[in-house]
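Enquirer: kindly generate the corresponding structure for this input.
(one chain, ligands or ions: 3)
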Amino acid sequence: MAHELETDDRDVPGVEPYDGPAGGWGALKAVALAIKEQMGASADTRALLQMNQPDGFDCPGCAWPDPKKTSSFEFCENGAKAVTWEATTKRVDPGFFAQHSASELLGWSDYALEDAGRLTHPLRYDAATDHFVAVEWGEAFARIGAGLQALADPNEAEFYTSGRASNEAAFLYQLLARAYGTNNFPDCSNMCHEATSVGLPKSIGVGKGTVTLEDFDHSDAIFCIGHNPGTNHPRMLTTLSDAAKRGVPIVVANPMRERGLERFKSPQHPTEMLTPSSTQLASAYHQVKVGGDGAMLKGMMKALFEADAKDIDAGGEGLLDRPFIAQHTVGIEELRADIEATEWDEIACRSGLTRAAIESMAETYWKADRVILCYGMGITQHSYGTANVQQIANLMLLRGNIGKEGAGICPLRGHSNVQGDRTVGITEIPSEEMLARLDKRFGIVSPRAHGHNAVDALAAMRDGKARAFIGLGGNLAVAMSDPETSFAAFRKLDLSVSILTKFNRTCLLLAKETIVLPCLGRTEHDEQATGSQYVTVEDSMSMVHASRGKLKPASPDLKSEPAIIAGIAKAAIPDVAIDWDGLVADYDRIRDGIEAVYPDFRDFNARVRHKGGFRLTVGASERVWNTPDGKAHFLVHPIKGASGEARELLLTTVRSHDQYNTTIYGLNDRYRGVHGRRDVIFAHAEDLRDLGLAHGDVVDIHAGPGRDLRGYTVIEHAIAKGSLAAYYPEANGLVALEDHDPESGTPSYKSVRVTMRAAA
Ligand SMILES: Nc1nc2c(c(=O)[nH]1)N[C@H]1C(S)=C(S)[C@@H](COP(=O)(O)OP(=O)(O)OC[C@H]3O[C@@H](n4cnc5c(=O)[nH]c(N)nc54)[C@H](O)[C@@H]3O)O[C@H]1N2
Ligand SMILES: Nc1nc2c(c(=O)[nH]1)N[C@H]1C(S)=C(S)[C@@H](COP(=O)(O)OP(=O)(O)OC[C@H]3O[C@@H](n4cnc5c(=O)[nH]c(N)nc54)[C@H](O)[C@@H]3O)O[C@H]1N2
Ligand SMILES: [Mo]
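Expert: Residues are numbered from 1 along each chain as shown. Ligands and ions are numbered 1, 2, ... in the order given. Got it, this is the predicted structure:
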């Protein structure tokens, strides 16, 4: 079938390689455009200047920490997009909903739905007219209360949280759900870093990263595996470029060549902006296959063991940190046996990297005294995500790279407070100590039975076992795998409630009773009975700090998330004697509650008022291992993922530069050279040739019965052979609900086995 193709000559609309660095003028231009489109020419851009300032609000864009010394405006293109999207002057008011029926809105794109503007009033779906209509807050709460009281069992309700909710909102929310009687807490983190939360505790006794931002100033080598900071954590590029300027090697493992990991022109740096110069970031870039990380990590350990043996033979002390291993760990012999039994041929063909490439990664690793290893969704979103995370811990423990200055594990969290939400009780598997303290403080009896994570919740809804959904933010139906199943599951519900800043598709999957409650966003001023309030968040590095919105709310009819949760609680569980109004009147009282349940928050109200906040205890950072035997554990796993078979194609789903999860800001993906469209598949030239396809061909992708993506344009891209990529959420239909990590429940969004052929 294969024939000669002159693919380079073909013009594909909207596809043109991007040659510039990340950041630079392109980033400034994009911000100017976002301001103009969302806020108009006379925009009040004060919000942008308060982002991540000690007395301003925490940027809702990502969970990368703020430098303690923030004094000048920290520029971030995608943070600015997140803020302008929230601070937009566009509104979807009752007039908008009178004009557009629910059926009509269902035909709108995700982009169009959110671009229409901010919600202004509580809404209820009216089946008689097929329109959403405004209701008073009191009526909305009464309807929700009645719906929750009508359930036969509290476990028929699912309380979903997306990671933008503040600590205060999340804490009140879990109190509501537990006082009501369930531990059903599906959470966005179940689709995100759950493999970290489940995997790391078994390895090092804590499910969080072990580094602080200051550690980057002291590291000798940085590894970036499976994440794309130029788009998803742009402020990290400043940290990486500072390290690169110090001569610190930055080693990347990613199937796609991502510009944000290659070159950066800092918009904060006048000489870089005014001259053609930029900073080179990656010192080595390894295009590991999609799903090839397990093999690659084993290869790095194999190379390390081999070099260690050689060093000892030559009279050296060896390359492993033997004193550390002896004092702090168990399981080294089992790990060594497993790694020794793994053949180089298997490692090379399953990772897609040569032995020499892996040895050079290992050499950079062992030559450095202090290594930081950063990773993202490329590691966690696989059916073996937990195993991947534990292999990373193995590699780091071999040289004592945990719990010393300048070294450690750095999982890049997603939503700006996804880590905090988990810390303050959003978990389907709560500990007995935590529940006992919660019960004591609030005089309730929390349920002890474990609840549902995101996959379980969807399955329960599909099977008719869950009848009510409450969503604190997010767009679960669209974010989840297998929309066919999840959309149908939502449509079977008796009650669906979404607490949102913007209307989205999840609200349009109509239940018997569908209610949308509009809330304040991060940027907005929050006034309660005792005065102006601030909230708190926890970043990726366990730093807790305050966030205070200053902008005038999008509508006088908005309520804060805590106030909405209290309103639902009073209507749903009127017999429970919790002073909801008192808690909402002064968020200090909620923080006192958090402190009572989580001792690590001691003096919460006092400490969080310090500029920059405080760090929660991370035992592993001090080499305290909170595992059952007090040791860190080497854990053995077989290689899973890419099989190395010749014709295998694994498809990964990624974010474009113009999106925030299911929120699509625009149709461009600047750094990957895609403009005005999202219906593309990224592929390696040789795979195209082997399949008799050419750059620009229209193709169908097939993943299993009923799981197809049809009529997409395939484009030749710098991606590893055997790997394909498509955009999330369009490609979610390729992932079956069952296709998830059995240990953590994380869907395998990043490795779907597919076939590709010319469109029918
Ligand atoms: N602007 C913006 N910021 C965001 C978000 C957003 O959507 N937009 N989302 C937020 C959220 S919730 C999250 S979780 C984070 C996500 O941040 P990332 O973890 O960076 O998320 P992804 O875009 O999913 O990209 C993952 C990267 O992994 C690579 N990859 C894919 N498959 C594999 C694999 O098998 N192995 C390896 N090694 N790499 C692979 C892809 O090529 C891509 O570069 O960002 C947060 N910040
Ligand atoms: N195929 C594929 N699927 C994925 C992923 C992937 O990489 N590939 N990534 C997964 C990951 S990492 C995540 S985290 C999930 C994301 O899943 P979610 O967190 O559920 O989705 P978002 O798109 O972030 O939610 C967007 C909605 O949040 C609401 N919102 C925004 N700000 C606020 C606020 O301040 N308060 C409230 N109450 N609402 C607000 C808006 O109304 C908006 O419509 O998706 C997952 N799905
Ligand atoms: Mo995420």
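Enquirer: got the phi/psi numbers for residue 680?
Expert: For residue 680, the backbone dihedrals are phi -120, psi 160 (criterion: degrees, to the nearest 10).
Enquirer: wait, what's in contact with it?
Expert: 15, 674, 712-715, 726-727 (Cβ atoms under 8 Å, 6 or more residues apart in numbering). Backbone N, C-alpha and C define where each C-beta goes, glycine included.
Enquirer: could I get these as CSV with secondary structure?
Expert: As requested, these are exported to CSV (DSSP: H, G, I helix; E, B strand; the rest coil):
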residue, secondary structure
15, strand
674, strand
712, strand
713, strand
714, strand
715, strand
726, strand
727, strand
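Enquirer: restrict those to those near ligand 3?
Expert: Residues of those in contact with ligand 3 (Cβ under 5 Å from the ion): none.
Enquirer: make a PyMOL selection of whichever of these turn out to be buried.
Expert: Restricted to buried positions by 16 or more other Cβ atoms under 10 Å, the PyMOL selection for these reads:
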select buried, resi 15+674+712+713+714+715+726+727
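Enquirer: for residue 695, state which of the contacts of residue 680 is nearest.
Expert: Closest approach between the contacts of residue 680 and residue 695, by Cβ to Cβ: residue 715, at 5.8 Å.
Enquirer: tell me what that closest one is bridged to.
Expert: residue 682 (DSSP bridges).
Enquirer: one step back: let me have the contacts of residue 680 in JSON lines, adding distance to residue 463 and pLDDT as columns.
Expert: What follows is the contacts of residue 680, written out as JSON lines (distance: Cβ to Cβ, whole Å; pLDDT from 0 to 100):
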{"residue": "15", "distance to residue 463": "43", "pLDDT": "95"}
{"residue": "674", "distance to residue 463": "39", "pLDDT": "97"}
{"residue": "712", "distance to residue 463": "32", "pLDDT": "98"}
{"residue": "713", "distance to residue 463": "38", "pLDDT": "98"}
{"residue": "714", "distance to residue 463": "37", "pLDDT": "98"}
{"residue": "715", "distance to residue 463": "40", "pLDDT": "97"}
{"residue": "726", "distance to residue 463": "29", "pLDDT": "98"}
{"residue": "727", "distance to residue 463": "30", "pLDDT": "98"}
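Enquirer: from the contacts of residue 680, which is closest to ligand 3?
Expert: residue 727 (15.2 Å; Cβ to the ion).
Enquirer: quickly list what that closest one is bridged to.
Expert: residue 654.
Enquirer: contacting residues for it?
Expert: So residue 727 contacts 653-656, 659, 669, 678, 680 (Cβ under 8 Å, 6+ apart).
Enquirer: how much space separates it from ligand 2?
Expert: Using Cβ to the nearest ligand atom, to the nearest Å, residue 727 is found at 8 Å from ligand 2.
Enquirer: ditto for residue 464
Expert: From residue 464 to ligand 2 the distance is 23 Å (Cβ to the nearest ligand atom).
Enquirer: over to that residue. Which of the three states is it?
Expert: Applying three-state DSSP: residue 464 is coil.
Enquirer: can you give me the helices in the stretch 201-350 of the chain?
Expert: Ranges of helices in the stretch 201-350 of the chain, per DSSP state H, counting those that start in this stretch, are 229-232, 236-245, 259-262, 270-274, 293-313, 322-328, 332-341, 344-351.
Enquirer: can I get those in CSV with mean pLDDT and mean neighbour count?
Expert: Formatted as CSV, the helices of the stretch 201-350 of the chain follow (pLDDT from 0 to 100; neighbours: other Cβ atoms under 10 Å):
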stretch, mean pLDDT, mean neighbour count
helix 229-232, 95, 25
helix 236-245, 94, 20
helix 259-262, 93, 22
helix 270-274, 78, 12
helix 293-313, 98, 22
helix 322-328, 98, 14
helix 332-341, 98, 15
helix 344-351, 98, 20
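Enquirer: Throw those into CSV and include distance to ligand 3, thanks.
Expert: Below are those laid out as CSV (distance: least, Cβ to the ion, whole Å):
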stretch, distance to ligand 3
helix 229-232, 9
helix 236-245, 15
helix 259-262, 17
helix 270-274, 30
helix 293-313, 18
helix 322-328, 31
helix 332-341, 30
helix 344-351, 25
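Enquirer: export those to TSV and tack on distance to residue 452?
Expert: TSV is the format used below for the helices of the stretch 201-350 of the chain (distance: least, Cβ to Cβ, whole Å):
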stretch	distance to residue 452
helix 229-232	27
helix 236-245	33
helix 259-262	36
helix 270-274	49
helix 293-313	28
helix 322-328	36
helix 332-341	34
helix 344-351	34
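Enquirer: up against ligand 1, what does the stretch 351-500 of the chain have?
Expert: 376-378, 412, 414-415 (Cβ under 6 Å from any ligand atom).
Enquirer: return the residues in contact with residue 342.
Expert: The contact partners of residue 342, taken as Cβ under 8 Å, 6+ apart, are 298, 302, 639.
Enquirer: what's the closest of those residues to ligand 2?
Expert: Nearest to ligand 2 out of these is residue 639 (Cβ to the nearest ligand atom; 22.7 Å).
Enquirer: any chance you could map the helices in the stretch 601-750 of the chain?
Expert: Using DSSP H, counting those that start in this stretch, helices in the stretch 601-750 of the chain cover 604-608, 685-690.
Enquirer: give me the mean pLDDT for the last one.
Expert: The pLDDT scores in helix 685-690 average 97.
Enquirer: please, where are all the strands along the stretch 451-600 of the chain?
Expert: Remark: strands assigned in the stretch 451-600 of the chain by DSSP state E, counting those that start in this stretch are 468-472, 495-500, 513-518, 526-528, 531-533, 535-538, 543-547.
Enquirer: how about those strands in CSV, adding mean pLDDT?
Expert: CSV is the format used below for the strands of the stretch 451-600 of the chain (pLDDT from 0 to 100):
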stretch, mean pLDDT
strand 468-472, 98
strand 495-500, 98
strand 513-518, 98
strand 526-528, 97
strand 531-533, 97
strand 535-538, 96
strand 543-547, 93
